[in-house]
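Enquirer: Build me a model from this:
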Amino acid sequence: MTPFYCKPPERAMVDYFLDVMARTELPVMIYHIPGRAGVRLTVDTIAAIRDHAPNFAGLKNTDESTGLVTAIFNRFPDMKIFSGMEPPTLAMLALGVSGAMISVANVISRNEHHLPMAPLTPELEKRLDGVLERAGLLSY
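Expert: The predicted structure follows:
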C-alpha cells in the first residue's frame, strides 16, 4: 500500500517500495488506493520501482480513473494490473487489466468469480452488469 497521511514526494515513495521489496524475494504487488491513502502514484513512480525491483509483480488499482492504467499500458503493455473497485471494473477490463480484486467478490456466487478473467463479450458484459448492480449495497 502506498504510504499515507504524510503525502511523500515521488522519490520517497520509490524508496519506500524499493525498501519493502528488498526485504523479500516473494513477488510484491503495489496497492494503489489514493482515496484512502491521499497519495497518487504516477507512471514514472511505477517505472522507477519496476526498473529496480525484480520482484515487482504488478498493481492493484483502486481508483475510479482509468488514466493511470492507460498510461501504464502505453509504457508497459505486459504489466499485470487488477481493478480494485467495482464501478470502473468494466472499463478496466476493456483496457486489458488482468482481472479484478474487488470487495463484491467475497459475496458473489462461485459461478461469477471467473467473470473478470474471461474475454469481454456482450454476454459477459451483461452478466458483469448484473454482478455490479447487486454490488449497489456498497457505497463509495
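Enquirer: how about the helices of the protein, start to end?
Expert: Taking DSSP state H, the helices of the chain run over residues 10-22, 34-37, 43-52, 67-75, 89-95, 110-113, 122-134.
Enquirer: Give me the average confidence score over the fifth one.
Expert: Translated: helix 89-95. This predicted structure assigns helix 89-95 an average pLDDT of 83.
Enquirer: That helix: which residues count as buried?
Expert: Judged by neighbour count using 16 or more other CB atoms under 10 Å, the buried positions of helix 89-95 are 89, 90, 92, 93. Just so you know, the C-beta spots here come from the backbone N, C-alpha and C atoms, and that holds for glycine as well.
Enquirer: Output it as PDB, restricted to C-alpha atoms.
Expert: What follows is the C-alpha trace of helix 89-95 in PDB, where atoms were taken according to Å, rounded to 0.1, in the frame of the first residue of the first chain:
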ATOM      1  CA  THR A  89     -14.100  -2.700 -13.400                       C
ATOM      2  CA  LEU A  90     -15.800  -3.000 -16.900                       C
ATOM      3  CA  ALA A  91     -13.800   0.000 -18.200                       C
ATOM      4  CA  MET A  92     -10.600  -1.500 -16.700                       C
ATOM      5  CA  LEU A  93     -11.300  -4.900 -18.300                       C
ATOM      6  CA  ALA A  94     -11.800  -3.200 -21.700                       C
ATOM      7  CA  LEU A  95      -8.400  -1.600 -21.300                       C
END
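Enquirer: so what's residue 45 closest to, chain neighbours aside?
Expert: The spatial neighbour of residue 45 that comes closest, neighbours along the chain excluded (CB to CB, 6 or more residues apart in numbering), is residue 10 at 5.2 Å.
Enquirer: since we're on the one you found, how many residues are nearby?
Expert: Here the neighbour count serves as a burial measure; for residue 10 (other CB atoms under 10 Å) it reads 14.
Enquirer: Residue 87 and residue 64 touch, don't they?
Expert: Yes: Residue 87 is in contact with residue 64 according to CB atoms under 8 Å; the separation is 5.8 Å.
Enquirer: shared neighbours of those two, anything?
Expert: When contacts are counted by CB atoms under 8 Å, 6 or more residues apart in numbering, the set common to residue 87 and residue 64 is empty.
Enquirer: In JSON lines, list the buried residues of helix 89-95 along with distance to residue 40.
Expert: Listed next are these as JSON lines, based on distance: CB to CB, whole Å:
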{"residue": "89", "distance to residue 40": "20"}
{"residue": "90", "distance to residue 40": "22"}
{"residue": "92", "distance to residue 40": "16"}
{"residue": "93", "distance to residue 40": "22"}
